[in-house]
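1. Output the structure for:
(2 chains)
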Amino acid sequence: MSMKFSTKNFNERTKDNISDDFMRKAVASAQERLHSRQLDAAEELGSWEEWRSHGEEIRQHVLENLDYYLYQLSENVAERGGHVFFAKTAQEASAYVRDVIVKKEGKKVVKSKSMVTEEINLNAVLEEAGCEVIETDLGEYILQVDDHDPPSHIVAPALHKNREQIRAVFTEKLDYKNTSKPEELALHAREKLRQEFLAADIGITGCNFAIAETGSISLVTNEGNARLVSALPKTQITVMGMERIVPSFEEFEVLVSLLTRSAVGQKLTSYVTALTGPRDAGDADGPEEFHLVIVDNGRSEILGTEFQSVLQCIRCAACVNVCPVYRHIGGHSYGSIYSGPIGAVLSPLLGGYDDFKELPFASTLCGACTDACPVKIPLHELLHQHRRVIVEEEGRSPISEKLAMKAFGIGASSNPLYSMGAKVASTAMKPLTKNNRISKGPGPLKDWTDLREFPAVGNTRFRDWFYDQKGGK
Amino acid sequence: MKVSLFITCLVDMFYADVGKDMVEVLERQGCELSFPKGQVCCGQPAYNSGYVESSKAAMKNMIKTFEHAEYIVTPSGSCARMFKLYPEVFNDDLQWRDKAQKLADKTYEFTQFLVDVLEVENVGAKLTGKATYHPSCHMTRLLGAKEQPKKLLAQVEGLEMIPLPNGHNCCGFGGTFSVKMGDISEQMVDEKVNSAMETEVDYLIGADCGCLMNIGGRAERTGKSIRVMHIAQVLNSRE
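-> Numbers count the residues shown, from 1 in each chain, chains lettered A, B, ... in the order given. Now for the predicted structure:
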């Protein structure tokens, strides 16, 4: 799957998803559960705002000194016997992974959850090269088995499916014969996956944070699948976005605390793993060969721009879990593997406005995302920044809107013009008004009155009443 | 205390009663009110749609209009927040940035002004019935006025406040969002109206006419019997 997964336009996708009652119920209840867990976990930790500021400082510091930390990280990985590859593009990244596997004559690849490997379309490239690729995160596995259904959430990719739907998928594709009890479903997946782990020759992981000082990569999971992916196959390939670095374990601890609390409301997840290079002499397990692929794919273009703060993201999905728009349209409406507020900011930057220009407008700028972000990315401001770039720099808005905004600029610049406009509007609206409201408006008003009543213009404007009663000033 | 009213487009054109109620509440507290004549729109509709340059003329007009005000009070958290944002908009223009900062510093949303400046929580209001409060997004998150309306409402005689389920979720107004993204906005406002109905209250109270126009307009269209009130109307009730 590449970042963009749909050929339908934004309106078609939203319409489809809005009519999916089940998905919407599932999303709403997941949001409420995850958000309240984040709030509880934050309260339990205490001084949450200070933690957030600290997290923000660490992320900003890394971005300001990214060249330094990338160099330090790659030196330390190499020193521990690992191979480092910097990929400028998605194509370069997946081609490198493919070439490593071909060279090792790898046939079976097990993967732990990784958004960046979705972004670089890795599975398709490997499958084309004749590899069998198996996702081992339960959510990702369900989606893969279900004919590559796209992820709808960056942390819980199969959030949009219920147990009955999963049972149906398993029955059809995996010869499953039991009930829709989560334990039974998970057990079946576990039995299937265990065989895959044992037979795999290549393990591919993502990376929550790389630790520059030691050349380690870290994996934060609850299922333990990433441990098997990194312990059993002879070759391990880790793919990471170039910004996902922390200077040392000291900062790592802060960010993991923020990540697990914000993503799932846990103090820590069941597994927090840090791996440093390939297996050493005397190690009981681990890969013989270790490759770290550091993916740029548009990230360095974001550095130094007004959008730089988006690279602070630690992929916790706290913003997704509070977004009132995501709540109703679900992840698939975004048409990008990155959904929700972070997706609406990131997708146009990595994938371009041609495919994703609607996303920044699919927001009321309510600011819930900004409030929830554990590393204080001003998400709603970045959405607004996109809007500015789209209409002012790229000129992509309809001509009617441009003219209207130009007229607004002139009309709202002085009271006489504004009052004249108000008078014209009010006269125009009078005949439409019945019972003190407008139910069927023309032109731009129609979009409003299709859904709601519009208030009648008052007989007296406030300003006239005020001058009349109190005398003008 | 001299207060200049920044009345907002919606109140000026559609909800003059909200403005009148605010006037009466403030006068009862001994404020001397004026209405600077040059005021128009704060520029937010264009600004939020991305037309930052086109919105600057409106902003400059507002800065000039309120230049000599001592306190600026407005019945909208969203519009108050827009004034607070002006210094950032003029960040590259020293002369206007300073003026914008002065404007921002003396601007208060109505309930903020009552609670934080006048230090009053009981304004002597009486309103019988049950009510729920919708905390507007811009007012609570961006302006930071969370507690002031609650403190004031808690003192209204005869009024029982019921929490609004998922009250923190946006009502789906979002200015031009409400018409540009009608399909999504419809779902959001329906959930808001339904949550309010669940509380079985007589009134849904808010502090921003944009949100109230959205929620009230949808409730009316879908035949839901809930009365939508601006907090100024509640605080001026004497029944």
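2. element containing residue 153, please.
-> I went with chain A, as the question did not name one. Assigned by DSSP states H and E, A:His153 belongs to neither a helix nor a strand.
3. look at chain B instead
-> Element membership of B:Leu153 [criterion: DSSP H and E] is helix B:147-154.
4. biggest helix in chain B by residues?
-> helix B:182-198 (DSSP state H).
5. mean confidence for the helix holding B:Leu153?
-> Averaged across helix B:147-154, the pLDDT comes to 98.
6. which residues are in contact with the lengthiest strand in chain B?
-> Looking across chain B with DSSP state E, the single longest strand is strand B:126-133. The contact list for strand B:126-133 (C-beta atoms under 8 Å, 6 or more residues apart in numbering or on different chains) reads B:149-150, B:153, B:156-164, B:167, B:196, B:199-206, B:229, B:234, B:237-239. C-beta here means a position set from N, CA and C on the backbone, and glycine is covered the same way.
7. burial measure for A:Gln144, as a count.
-> By other C-beta atoms under 10 Å in any protein chain shown, the residues close to A:Gln144 number 20.
8. And the one 4 residues further on, by the same measure?
-> In terms of burial, A:His148 registers 12 neighbours under the definition other C-beta under 10 Å.
9. Sketch out the low-pLDDT regions of chain B for me.
-> For chain B, no stretch is flagged by pLDDT under 70.
10. Would you map out the domains in the chain?
-> The chain I'm using is chain A. A:10-301, A:399-470 (automatic domain parsing).
11. Please refer instead to chain B.
-> According to automatic domain parsing, the ranges for chain B are B:2-116, B:122-235.
12. in its sheet, what does the helix or strand just after the helix holding B:Leu153 sit against?
-> Where DSSP H and E defines the elements, the next helix or strand beyond helix B:147-154 is strand B:157-161. Partners of strand B:157-161 in the sheet, by DSSP bridges, are strand B:126-133 (parallel).
13. Okay, strands next: where are they in chain A?
-> A:83-87, A:108-111, A:132-135, A:202-205, A:209-211, A:216-221, A:235-241, A:245-246, A:271-276, A:289-295, A:437-438, A:454-455.
14. Any idea which of these has the lowest pLDDT on average?
-> Among these, strand A:437-438 carries the lowest mean pLDDT (a mean of 88).
15. Which neighbouring elements make contact with that one?
-> When contacts are defined as 3 or more C-beta pairs under 8 Å, 6 or more residues apart in numbering or on different chains; DSSP states H and E, strand A:437-438 packs onto strand A:454-455.
16. Might you calculate how far the strand it packs on sits from the centre of the chain?
-> Offset of strand A:454-455 from its chain centre (C-alpha atoms, centre = their mean, to the nearest Å): 37 Å.
17. for chain A, which helix is longest?
-> Chain A, longest helix under DSSP H: helix A:21-45.
18. Could you report the pLDDT at A:Lys473?
-> Looking at A:Lys473, the pLDDT reads 50.
19. Contacts only, for the closest residue to A:Arg437 other than its chain neighbours.
-> Closest residue to A:Arg437 apart from its sequence neighbours, by C-beta to C-beta, 6 or more residues apart in numbering or on different chains: A:Glu453 at 4.5 Å. Shown in contact with A:Glu453 (C-beta under 8 Å, 6+ apart): A:Arg437, A:Ile438, A:Ser439, B:Gly216, B:Gly217, B:Glu220, B:Arg221.
20. gap between A:Glu453 and A:Asp447?
-> Distance from A:Glu453 to A:Asp447, counting by C-beta to C-beta, to the nearest Å: 14 Å.
21. cool, B:Ser195 as well?
-> B:Ser195 is 24 Å from A:Asp447, by C-beta to C-beta.
22. Flag every buried residue along stretch A:95-112.
-> A:Tyr96, A:Val97, A:Arg98, A:Val100, A:Ile101, A:Lys104, A:Gly106, A:Lys108, A:Val109, A:Val110, A:Lys111, A:Ser112 (16 or more other C-beta atoms under 10 Å in any protein chain shown).
23. What's the end-to-end length of it?
-> 19 Å (C-alpha to C-alpha, to the nearest Å).
24. Quick check, central residue of chain B?
-> The centroid of chain B falls nearest to B:Ser76 when counting by C-alpha atoms, centre = their mean (1.9 Å).
25. hmm, I was thinking of chain A
-> Note: chain A centre (C-alpha atoms, centre = their mean) maps to A:Tyr338, 3.6 Å.
26. Just confirm that residue contacts A:Val116, I think it does.
-> No: under the criterion of C-beta atoms under 8 Å, A:Tyr338 lies out of contact with A:Val116, with a separation of 10.3 Å.
27. list the contacts for A:Ile217?
-> A:Thr205, A:Cys207, A:Phe209, A:Ala210, A:Ile211, A:Thr238, A:Met240, A:Ala274, A:Leu275, A:Thr276, A:Leu292.
28. And those, which is closest to chain B?
-> Nearest to chain B, judged by C-beta to the nearest C-beta, of those is A:Phe209 at 28.7 Å.
29. Show me the beta-bridge partners of the closest one.
-> Here A:Phe209, judged by DSSP bridges, has bridge partners A:Ser218.
30. Could you count how many residues lie near it?
-> With other C-beta under 10 Å as criterion, A:Phe209 counts 23.
31. Now for it: which residues touch it?
-> Shown in contact with A:Phe209 (C-beta under 8 Å, 6+ apart): A:Ile217, A:Ser218, A:Arg244, A:Ile245, A:Val246, A:Phe252, A:Leu255, A:Val256, A:Ile314.
32. what about the second one, how many residues close to it?
-> It refers to A:Ser218. 23.
33. And it, how far from A:Thr238?
-> Taken as C-beta to C-beta, the span from A:Ser218 to A:Thr238 is 10 Å.
34. same question, the third one
-> Relative to A:Thr238, A:Arg244 is positioned 11 Å away (criterion: C-beta to C-beta).
35. Which one of these two is surrounded by more residues?
-> Using other C-beta under 10 Å as the criterion, A:Arg244 and A:Thr238 rank with A:Thr238 on top: 27 against 24.
36. low-confidence ranges in chain A?
-> Using pLDDT under 70, the flagged stretches of chain A are A:1, A:472-473.
37. make it 80
-> A:1, A:443-444, A:471-473 (pLDDT under 80).
38. ok, which stretches of chain B are strands?
-> B:2-5, B:32-34, B:71-74, B:107-109, B:126-133, B:157-161, B:203-206, B:227-230.
39. hey, where'd the helices end up in the stretch 151-300 of chain A?
-> Remark: helices assigned in the stretch 151-300 of chain A by DSSP state H, counting those that start in this stretch are A:163-174, A:182-199, A:225-231, A:249-264, A:299-302.
40. who does the last one touch, helix- and strand-wise?
-> With contacts defined as 3+ C-beta pairs under 8 Å, 6+ apart, the packing partners of helix A:299-302 are helix A:340-351.
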